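Colleague: give me a 3D structure for the following:
(chains A and B)
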Amino acid sequence: DTAVSQTPKYLVTQMGNDKSIKCEQNLGHDTMYWYKQDSKKFLKIMFSYNNKELIINETVPNRFSPKSPDKAHLNLHINSLELGDSAVYFCASSRFLAGGVDTQYFGPGTRLTVL
Amino acid sequence: AQSVTQLGSHVSVSEGALVLLRCNYSSSVPPYLFWYVQYPNQGLQLLLKYTSAATLVKGINGFEAEFKKSETSFHLTKPSAHMSDAAEYFCAVSDHAENQGGKLIFGQGTELSVKP
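Modeller: A predicted model of the protein is given here:
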């Protein structure tokens, strides 16, 4: 009965590889997000999707490409991984509020380590 | 642009003592404010939120926060700390545009330690 789930929980890979992180929510929300938490625990939004449509795209290298096959899923694909990509990536979901921000529910995170 | 500052990256209290975690915000519009808690190796869990209703907001696990517009603050308190409160706490402010939904701007986080 997990609300927001992510796979994998841990991901260790070599520089230059391509990897994907998957996210699924069963809360019936129509908005999903990707956040990055760095080694100092600072959290920053990367992307937001509403009804499979990209609505927020922060200053993120174009090696990062989100994909939303349906409202319940938001995947993150990363090409040509770099050492600086090492971080914990959190998926979140919420209802969409025009002109507002509803409570966001977070997944358990995916710890990515690039060697 | 909206921003959040959390004073003190690390706070240590004794079990049973008052917990006070400070958060100041900057917002050009009436803000929505949130406190989230992150336990080790876990995701973030909402403690409480302020959305322009009552200025004193009660959350889960005995936590509460008071919105003070004049001080642009939203400090988190708990009367009596418990060992299980040891975690990282994040204050966040909403940043939203009409018909574009919104995102959360997080503070730097405050690590709470509770001593027996």
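Colleague: strands of the chain, start to end?
Modeller: Looking at chain A here, since you left the chain open. Ranges of strands in chain A, per DSSP state E, are A:4-7, A:10-13, A:19-25, A:31-37, A:43-50, A:53-57, A:64-70, A:73-78, A:87-94, A:105-106, A:110-114.
Colleague: hmm, no, I was thinking of chain B.
Modeller: Secondary structure of chain B (DSSP E): strands located at B:3-7, B:10-14, B:19-26, B:33-38, B:44-50, B:56-58, B:64-68, B:73-78, B:87-96, B:102-106, B:110-115.
Colleague: for residue 112, which non-adjacent residue is closest in space?
Modeller: Picking chain A for this. Counting by CB to CB, 6 or more residues apart in numbering or on different chains, A:Leu112 lies nearest to A:Leu11, which is 4.8 Å off, once chain neighbours are set aside. Every C-beta, even on glycine, is put in place using the N, C-alpha and C of the backbone.
Colleague: nope, chain B
Modeller: The shortest distance from B:Leu112 to any non-neighbouring residue, by CB to CB, 6+ apart, is to B:Val11 (5.3 Å).
Colleague: what separation do you get for that neighbour and chain A?
Modeller: From B:Val11 over to chain A the distance is 14 Å, taken as CB to the nearest CB, to the nearest Å.
Colleague: need the contact list for that residue.
Modeller: Residues near B:Val11 by CB atoms under 8 Å, 6 or more residues apart in numbering or on different chains: B:19-21, B:110-113.
Colleague: pull up the pairing partners for the one helix or strand in chain B whose mean pLDDT sits lowest, direction included.
Modeller: Using mean pLDDT, DSSP states H and E, the weakest-scoring helix or strand in chain B turns out to be strand B:102-106, at a mean of 86. Each strand paired with strand B:102-106, and its direction, by DSSP bridges: strand B:87-96 (antiparallel).
Colleague: number of nearby residues for A:Thr103?
Modeller: 18 (other CB atoms under 10 Å in any protein chain shown).
Colleague: okay, and the beta partners of the residue nearest to it when sequence neighbours are not counted?
Modeller: Among residues not flanking A:Thr103 along the chain, B:Leu46 sits closest, at 5.5 Å (CB to CB, 6+ apart). Judged by DSSP bridges, the bridge partners of B:Leu46 are B:Tyr36.
Colleague: give me the pLDDT value at the residue most central in space within chain A.
Modeller: Geometric centre of chain A, nearest residue: A:Trp34, 2.8 Å, by CA atoms, centre = their mean. pLDDT, A:Trp34: 95.
Colleague: just checking, it touches A:Leu54?
Modeller: No - A:Trp34 lies out of contact with A:Leu54 (CB atoms under 8 Å); the separation is 11.0 Å.
Colleague: which neighbours do these two have in common?
Modeller: A:47-48, A:66.
Colleague: note down every partner strand of the lowest-mean-pLDDT helix or strand in chain A and its orientation.
Modeller: The least trusted helix or strand in chain A, going by mean pLDDT, DSSP H and E, turns out to be strand A:53-57, with a mean of 84. Using DSSP bridges, the strands paired with strand A:53-57 in its sheet are strand A:43-50 (antiparallel).
Colleague: returning to that earlier point: weakest of the strands of chain B in terms of mean pLDDT?
Modeller: Ranked by mean pLDDT, the strands of chain B end with strand B:102-106 in last place, scoring a mean of 86.
Colleague: residues making contact with that strand?
Modeller: With contact meaning CB under 8 Å, 6+ apart, strand B:102-106 is reached by A:33, A:42-45, A:48, A:56, A:97, A:100-101, A:104, B:2-4, B:32, B:34, B:90-96.
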